Each structure stands twice: as structure tokens, then as C-alpha cells.
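Asks: heads up, no residue letters with this:
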Ligand code: ATP
């Protein structure tokens, strides 16, 4: 495995503890010691995640007049997964170390070795290794993958030995049974991607919505994969959420739409606040069974550049196969060219949890402030105001003289428009710090002057600068800053 930079490693550890300490992410069923690669979102995490999902949803269905949404069930007819290729092909190559009894993804062991070579300045060797791996996987040569692991002297990080089993394919779908009587029960799967719920509804939506090609169908929902190696917190989970859009087009136009969606999606990630030079495209070395072009948008996490979204040109693979397996035509009559065809598809598929993690890593800021004896560390979340779990905190500077009543009035008015907090406990400084830690962009302090001239101070999270504004203009001002419009303007 590639060695991680110790400073970046510590940074990620700090982010993970911050996420737990301030109510963003908890291990699932923690009182029973948790469940590997399954996580729960806490009181602040759920707000941040909902905001990310809402911005995505509105970007797709509100800013594009030819994209509509669906919400399909998690359970689907089992033949769906035959048609999609998941029953036969949705697997990862795994290998066990006989000494430590630990299981690894064979491709990830080799990729780790390549990262190590690259870090040591041997880029050409690293590239050659990645290419060799892609060739072997393409040819389904599992023996060759095992030999590569042995020849490259890759050892198990736990036992330190290269006493490996052969490489086997492991299907990632979770299965369960539907039906109340065991003998009659049918094997069904928890969906490993949301895309198929869109494909099977293609004609329903096209006909009932009178949609004309090109058009898209968007969906946000849970997906499940029995990942062999779960690592890096919420980056690789067994239960996660996808934000997917399938864009149906005329065959032959796919590269044009592929390029368009690539650029549009990259812009979106920048618009929600991810640092531009921490984002990049990564073309797939090995194309999935359904794709004729594929690229990942990667974000530079503290543990390296990793995929947060995939853009795939899926051809007519899915609709074509559903037509074959269901024996129901999945065609569209194109008036413009007077022809029937099975549409081609360009897909944008983002993980809500991975975007969440990228946003959290990007926002987490440790700064040293003050001089000499007063020097201390300040930690805050530099979240885009439109994504922040709490938009503003209303804080009377003391708990008497009518200040709480005045502050409550402001709070009652603001809460009709946005998520706000009212707090009167502890010193104002401590209350500011608490809001910084969860990324609240604005703190509104109510003081004695407020009683006289109906003004308050607004403290800005990132700069800690304060400004005095009239209560009358307060709402407008904050509403403008926290509006999704701020994001839409940049897309
Ligand atoms: P990876 O190569 O990291 O396993 P993938 O290429 O299999 O990902 P896709 O099938 O393209 O992923 O899924 C689309 C998106 O769903 C990914 O970009 C990612 O954001 C998200 N995703 C996929 N698997 C997981 C997972 N196990 N946990 C969290 N998010 C995931």
C-alpha cells in the first residue's frame, strides 16, 4: 500500500474526530461497537447532506428544463440485474493472505504499489504497472493478476508476507428474499446502483411527461454494495446514496453530450465550494461493460485524489438489454428524423456521501491566531453558506435587560425562512466558537444598542469581522447569502 503523508494522515484523523464530536457522522449502531463501513449522519450531518442533495436536485430538475425526477423503489424485479449485467459481472477481484487471513481487492493492492512507485519518483514504472493491470482485468486473466502481485513483491500490510491465495471474483450485490413463506420466496437484490430504476421507467416518464429527446431523468437514492475492503471513513460504504441522472439522446450524438455533461458537472463541484485545483478529471483505464467512454471527477482528499462522481457514455446497453430481457420495446420515435430507435445514454453519477466528505474535508480549517501568550488554534468549517447546517445564530450578549426578548423576536422572524439557532448560555466568545465548529456563517449579536436603535452586529465566520446592520435589513442580507441562487449563478 502507498505510504500516506503523516501530516495529511493526521489531518484526516482530525476531520474524522471532528465529524463525530460535532454531530456530523457517527459509526452505525455504535453502542454495539459499530458495523464496518456503515455510518449514520447526526444532527448537523443530515442538514449538510440534505443541502447537498437539494442543490443537486434543483440544479438538475430546476435549471434544466429537459430533466425531470423519479423516486424508484430499492427492490426491483430480479431480472433487472440479469439484464444490467450485475448478476454475472458486478464483482471485484479479491485475494486473501493465508497468514493474516485478511482479504484485499487485488486491483487495489497493485494500484497501491503503483502509487508507491510514483511517490518515489518512478512515474514511468507506475504507469506501466497500471496499464498492465488494466490489460489483465480486461482479459479477465485472474491468474495473471496473482502473478503480478507476486512478481511485484507486494506483501500483506498485516503479516508482511506474500503467502497469497489465488485471485477470485466476488459479487458485490447483497441478496435477500421476498415473500412470506420460505419455500415460495424469491431471491432479490438490494440495488447496487440507482440507475436501473431510471431505465425501467424510461418509457413511463417519456410518455406521461411527453418528453422529447434529448431529455434526462434524475434520481437520488440508496444503493448497496458488499465492498470487500471498506476504508477511509464514509468514502467507501456498504450502504450509501447516489445522485444519478441518465440523459437519453439520439445515437451518434453521445460524445457531444458526454463532453457537455463533463464540463457542467465539474462546474457544479466548484460552485458548491470545492477548491478548483483540488478537482480533476481522470479517464478510465478499463471501461465498464456498458460504457464507450468514461471519466471520473476526482477530489484531492487528505488521502489522495479519489473519485467523487463518474460520467459515463452508456450507449444503448441498458435499454437494449431491458428490451431483450423484458421483451418489451424500449424505443423512441424521433419526429425530427422520422425514425424509431433505442436511445443512447450519458450518465452522471455522484455519491452524495463522497461529495459530503469532500465538502467536509475542503471546509475543515485549522488556523493559528493571536500573538505571543494569546496564540491559540482556531478550528472552523469554511462551508458555503448555502450548504451550512445552521445559517445563523442569534445571541443576546447577556441574559438580562430585555436582550433575550429582543433576540427571540429576531430569531422567530428568521426561522420562518432558514435554519437558525438561538443561544444565551456561556460567554459570547464561547458561543461564537461553537458556531465556528459547525460552520455557521453568521452570528447575530444583540446588545444594549440594539434596544436603542434597532441594530445588531453580524459576525462573519471566515474573517471574524463584525458589522453593524439594522434589524430591518438583516433578513434580506442573510437570505441573499445563504440562498442556493449563490451556487446556481456559478453553474
Ligand atoms: P469505486 O471505483 O470507488 O468503487 P465506482 O466507479 O464503482 O467507485 P460508480 O459505480 O461509478 O462507482 O458509482 C458512482 C458514484 O457512486 C461514485 O462516483 C461514488 O461517488 C459513489 N459510490 C460508489 N461506491 C460507493 C461506496 N461504496 N461508498 C460510497 N459511495 C460510493
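Replies: Received it, and whenever you're ready, just let me know what you need. What you see is a predicted model, and the numbers here were worked out from it, not measured in a lab.
Asks: Quick check: buried residues in stretch 319-334?
Replies: Going by neighbour count (16 or more other CB atoms under 10 Å), the buried part of stretch 319-334 is 319, 320, 321, 322, 323, 330, 331, 332. In this view, the C-beta of every residue, glycine as well, is placed from N, C-alpha and C.
Asks: and if you look at stretch 43-59?
Replies: Buried residues in stretch 43-59, defined by neighbour count with 16+ other CB under 10 Å: 44, 45, 47, 48, 49, 51, 52, 53, 55, 56, 59.
Asks: ok, is that stretch in contact with the ligand or not?
Replies: No. In this structure, stretch 43-59 remains apart from the ligand according to CB under 6 Å from any ligand atom; the gap is never smaller than 11.9 Å.
Asks: Identify all contacting residues around that stretch.
Replies: Under the contact criterion CB atoms under 8 Å, 6 or more residues apart in numbering, stretch 43-59 has outside partners 19, 22-25, 41, 69, 218, 220, 241, 243, 268, 272, 350, 352-353, 355-356, 359-360, 383, 386-390, 419, 438-439, 484, 487-488, 491.
Asks: near the ligand, from these?
Replies: 350, 353.
Asks: Show me the contacts of stretch 43-59 that map onto helices.
Replies: 19, 268, 352, 353, 355, 356, 359, 360, 438, 487, 488 (DSSP state H).
Asks: Hmm, the fifth one is touching residue 309, no?
Replies: So that's residue 355. Yes. Proximity of residue 355 to residue 309 meets the contact threshold set by CB atoms under 8 Å, at 7.5 Å.
Asks: element containing the residue nearest to residue 413 when sequence neighbours are not counted, please.
Replies: Nearest in space to residue 413, with sequence neighbours left out and distances taken as CB to CB, 6 or more residues apart in numbering, is residue 475 at 6.6 Å. Counting by DSSP states H and E, the element that carries residue 475 is helix 471-482.
Asks: Show me what counts as buried in that helix.
Replies: 471, 474, 475, 478, 481, 482.
Asks: Any chance of the backbone angles for the closest residue in space to residue 133 that isn't next to it in sequence?
Replies: Nearest-residue entry for residue 133: residue 110, 4.8 Å, with adjacent residues in sequence omitted and distances by CB to CB, 6+ apart. Summarising the backbone geometry of residue 110 under the convention degrees, to the nearest 10, its torsions are phi -70, psi -40.
Asks: and which of the buried residues of helix 471-482 is nearest to the ligand?
Replies: Nearest to the ligand out of the buried residues of helix 471-482 is residue 482 (CB to the nearest ligand atom; 25.9 Å).
Asks: Please name the residues that touch the closest one.
Replies: Each residue near residue 482 by CB under 8 Å, 6+ apart is listed here: 385, 386, 388, 391, 392, 418, 441.
Asks: Residue 199: which of those residues is nearest?
Replies: Proximity of those to residue 199 was ranked by CB to CB; the top entry is residue 386 with 31.8 Å.
Asks: where does the chain dip in pLDDT?
Replies: 1-8, 180-185 (pLDDT under 70).
Asks: near the ligand, which residues of it show up?
Replies: So far as CB under 6 Å from any ligand atom goes, the chain lies against the ligand at 193, 225, 227, 236-237, 240, 242, 307-310, 349-351, 353-354.
Asks: So which of the buried residues of stretch 319-334 are in strands?
Replies: With strands taken from DSSP state E, the overlap with the buried residues of stretch 319-334 comprises residue 332.
Asks: of the buried residues of stretch 319-334, closest to the ligand?
Replies: Within the set of the buried residues of stretch 319-334, residue 321 lies nearest the ligand; the separation is 17.1 Å, counting by CB to the nearest ligand atom.
Asks: Enumerate every residue touching residue 461.
Replies: Residue 461 makes contact with 380, 382, 435, 436, 439, 440, 441, 442, 443 under the criterion CB under 8 Å, 6+ apart.
Asks: tally of neighbours for the nearest residue to residue 23 once chain neighbours are set aside?
Replies: If you skip the residues right next to it in sequence, residue 23 has residue 42 as its closest partner in space, 3.7 Å away by CB to CB, 6+ apart. Using other CB atoms under 10 Å, residue 42 is surrounded by 18 other residues.
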